[in-house]
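>>> Give me coordinates for this.
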Amino acid sequence: MIDLNDQASIYRSSPRQRYAEGSASFRTNNPPGQSKAKTNMKRPGNVTPAYVGTFALLLCLHSVTADYCKVNHCYNGATCVTGVGEEPFICICADGFGGDTCNLTETGPCSPNPCKNDGSCEVIAPTRRGDVFNEYICKCQPGFKGVHCQINVNDCEKQPCKNGGQCRDLDGDYSCQCPSPYVGKQCQLRCVSLLGMEGGAIVESQISASSVHYGILGLQRWGPELARLNNQGIVNAWTSAAHDKNPWIEINMQKIMRLTGIITQGASRLGTAEYIKAFKVASSLDGNSYITYKVDGQQRDKVFVGNIDNDRTKTNLFDVPIVAQYIRIIPVVCRRACTLRMELLGCELHVYSNMAGCSEPLGMKSRFISDGQLSASSSYRTWGIDTFTWHPQFARLDKVGKTNAWSPAYNNRSEWIQVDLEKTKRLTGIITQGAKDFGVVQFVSVFKVAYSNDGESWSTVKENTGNDKLFQGNTDNNTHKKNVFEPPVYARYVRVIPWEWHERITLRMELLGCDD
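Model prediction:
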């Protein structure tokens with residue numbers, strides 16, 4: 001319902017062309033025995049919108065006699081209006097309709113709409129072009145042209161797709177089929193970031209396998225958490241159990257990612273080279289239903305060529321990127337045993353900027369983030385001795401030593417540790433870890449994250465509900481726990497605020513992200 005007591009309301013509720021081409025219909029209720037008066041008002045072609053506004057303003061001067069529009073008496077999408085003096089209501093008709101209640105079909109140059117492909121028709125003063133009189137013009141949507149917007153512009157003529165992408169013309173748009181590893185509207189971005197097997201952004205709890213080989217009387221465990229590219233040591237890879245006839249190793253990316261390739265590597269066990277010669281790849285969105293990667297355009301599983309020795313790496317790109325949360329490597333042919341070190345290639349599913357991937361360690365462990373960039377609310381001293389102070393610069397993932405983490409002087413929710421990244425960066429996650437103090441296991445089990453661009457005004461990472469997000473932390477002193485920020489956080493300063501803890505607040509960590 002529209003109240004004509006406000007002149008602006010009739011402009012908001014009444015399409016301009018309704019006054020330009022259509023009608024305002026009045027309906028009166030007369031006493032019994034008298035004939036009904038009906039006025040169907042047509043706007044002459046030379047009446048300006050200002051006159052319409054004046055007319056509407058005059059109508060506003062009358063009082064409302066009843067709420068006749070509580071039940072809409074108007075048809076075909078018309079607007080019912082009250083407040084017209086003695087008239088109970090009027091109907092403001094939609095394009096193409098007229099009559100008291102807009103129940104009649106009108107005719108005119110724009111009714112029905114002669115413009116194709118969602119073009120808009122506008123009535124103009126009659127003009128002559130040669131032998132043709134024009135009473136309207138069509139305003140076309142992007143991607144269309146012609147008198148009636150009937151011509152689909154070939155958006156591929158300008159060759160918008162880069163890096164070998166194949167262009168497909170659509171109605172008013174185009175799409176690019178990008179060759180791996182390129183992504184983006186125009187295939188302009190490379191989606192080949194190292195996703196974290198070698199660098200540690202993928203933590204141990206994200207890696208699982210069908211079985212594990214135990215060597216030397218069960219003393220050596222060749223577990224899936226060791227399957228990291230270029231991993232060093234005597235036991236430095238994953239090996240499946242000898243009795244496992246259908247082995248696999250799987251990585252849970254913790255969110256849906258775009259995967260464009262894999263780098264594989266074997267290892268040496270007791271001086272003998274072991275590696276995977278051929279393998280398949282399966283993927284899943286939920287960890288329950290899996291799809292095996294197929295040969296392009298065919299229904300048979302694709303078998304990827306693997307390694308030829310235990311040390312050199314082999315890179316395989318996926319012709320069609322895999323969109324999944326879980327990625328599973330299935331050995332087909334192995335040399336002596338199915339032994340693997342690996343790295344995954346890909347990027348975030350949604351590419352927001354020129355950074356196609358954004359999950360790299362920002363430098364806590366590598367010390368790219370210097371000691372001077374770390375600060376805290378306070379620091380704890382074991383037995384009050386300065387030598388055993390748990391400074392914020394010790395809060396580096398996997399740091400070793402007697403004091404190898406940050407711990408505040410007090411166990412309360414007012415404590416915090418802060419990282420100054422020196423410039424705004426895009427933050428996508430955090431890895432946390434506890435520590436021991438003279439044999440006592442200590443860790444942060446729940447925490448919040450705050451961020452700032454100036455170090456003074458702070459915001460807290462929120463849930464979708466608007467409440468502060470409580471991140472689940474560690475359950476022991478050594479295991480890595482990874483949490484992702486969805487959506488990413490853009491900030492220079494980051495604070496971790498312990499919320500719950502075991503024994504004493506104790507933290508080692510790494511931030512994940514990239515340059516903004």
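>>> Check which helix or strand Thr315 maps to.
Here Thr315 sits within strand 314-335, counting by DSSP states H and E.
>>> Please compute how far that strand lies from its chain's middle.
Between the centre of strand 314-335 and the centre of its host chain there is 24 Å, according to CA atoms, centre = their mean, to the nearest Å.
>>> Stretch 105-121: end-to-end distance?
Taking CA to CA, to the nearest Å as the measure, stretch 105-121 stretches 17 Å from start to finish.
>>> Same check on stretch 425-445?
26 Å.
>>> Please compute how far it lies from its chain's middle.
27 Å.
>>> Give the buried residues for it.
425-437, 441-445 (16 or more other CB atoms under 10 Å). Bear in mind the C-beta positions are built from the backbone N, C-alpha and C, glycine included.
>>> Now for Ala278: which residues touch it?
303-306, 331-333 (CB atoms under 8 Å, 6 or more residues apart in numbering).
>>> Specify which member of those is nearest to Pro88.
For the contacts of Ala278, the closest approach to Pro88 (CB to CB) belongs to Phe304, at 77.0 Å.
>>> List the residues that contact the closest one.
262, 278-281, 316.
>>> Pull out the buried residues from those.
Neighbour counting by 16+ other CB under 10 Å classes 262, 279-281, 316 among these as buried.
>>> quick one, domains of the chain?
2-105, 120-152, 193-348, 361-515 (automatic domain parsing).
>>> of those domains, which approaches Cys176 most closely?
Across the domains of the chain, Cys176 has its closest neighbour in domain 193-348 (13.4 Å, CB to CB).
>>> Tell me the bridge partners for Ile207.
Counting by DSSP bridges, Ile207 forms beta bridges with Ile251.
>>> quick one, what contacts it?
224-225, 227, 249-252.
>>> Same question for Pro247.
By CB under 8 Å, 6+ apart, Pro247 lies in contact with 209-211, 240-241, 330-331, 338.
>>> how about these, which pair is most distant?
Maximum distance among these (CB to CB): 15.1 Å, for Ala241 and Ile330.
>>> Looking at the two, which one has more neighbours?
Ile330 (23 against 16; other CB atoms under 10 Å).
>>> Give me the nearest residue to that one, chain neighbours excluded.
Nearest non-adjacent residue to Ile330, counting by CB to CB, 6 or more residues apart in numbering: Lys280, 4.3 Å away.
>>> hang on, isn't the one you found packed against Lys294?
No. In this structure Lys280 lies outside contact range of Lys294 using CB atoms under 8 Å: 10.0 Å.
>>> Quickly list what's touching both of these two.
301-302.
>>> and the closest residue to Gln265 other than its chain neighbours, how many residues sit next to it?
Of all residues beyond its chain neighbours, the one nearest Gln265 is Arg341 (4.2 Å), with distances taken as CB to CB, 6+ apart. Neighbourhood size, Arg341 [other CB under 10 Å]: 25.
>>> Specify the next element, helix or strand, located C-terminal of the strand holding Thr315.
Counting by DSSP H and E, what follows strand 314-335 is strand 339-348.
>>> buried ones in that next one?
Buried residues in strand 339-348 (16+ other CB under 10 Å): 339-348.
>>> With stretch 401-415 instead?
Applying 16+ other CB under 10 Å to stretch 401-415 flags 403-408, 415 as buried.
>>> Now the two most distant members of those.
Taking CB to CB as the measure, these span a maximum distance of 18.3 Å, between Asn404 and Glu415.
>>> show me where pLDDT drops low in the stretch 51-200 of the chain?
Applying pLDDT under 70 to the stretch 51-200 of the chain flags residues 51-66, 83-86, 95-96, 106-107, 126-133, 172.
>>> now the strands: where do they sit in it?
79-82, 89-92, 97-98, 104-105, 120-129, 132-139, 144-145, 151-152, 166-170, 173-177, 182-183, 189-190, 193-194 (DSSP state E, counting those that start in this stretch).
>>> Dump those into TSV; add mean neighbour count as well.
Below are those laid out as TSV (neighbours: other CB atoms under 10 Å):
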stretch	mean neighbour count
strand 79-82	22
strand 89-92	25
strand 97-98	24
strand 104-105	14
strand 120-129	12
strand 132-139	14
strand 144-145	18
strand 151-152	15
strand 166-170	14
strand 173-177	16
strand 182-183	24
strand 189-190	20
strand 193-194	20
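>>> so where's this protein shaky on pLDDT?
1-66, 83-86, 95-96, 106-107, 126-133, 172, 350-357, 516.
>>> can you do 50?
1-65, 352-356 (pLDDT under 50).
>>> Which residue ranges of it form helices?
Remark: helices assigned in the chain by DSSP state H are 7-13, 16-21, 49-60.
>>> ok, of the contacts of Phe304, which one's closest to Glu456?
Checking these against Glu456 with CB to CB, the nearest one is Ile262 at 44.9 Å.
>>> any idea which of the contacts of Ile207 has the most stuff around it?
Ala227 (26 neighbours).
>>> Once you drop chain neighbours, what's closest to that one?
Trp238 (3.8 Å).
>>> If Phe471 is in a bridge, with which residues?
Taking DSSP bridges as the rule, Phe471 bridges to Phe447.
>>> so it makes contact with Val446?
Yes. Using CB under 8 Å, Phe471 is in contact with Val446, at 6.9 Å.
>>> These two: who's more crowded?
Taking other CB under 10 Å, Phe471 and Val446 do not tie; Phe471 has more neighbours (21 against 14).
>>> From Asn310, how far out is that one?
For Phe471, the distance to Asn310 equals 39 Å [CB to CB, to the nearest Å].
>>> so how many other residues sit close to the residue nearest to Thr315 when sequence neighbours are not counted?
The shortest distance from Thr315 to any non-neighbouring residue, by CB to CB, 6+ apart, is to Ile263 (5.0 Å). Ile263 is flanked by 18 other residues according to other CB under 10 Å.
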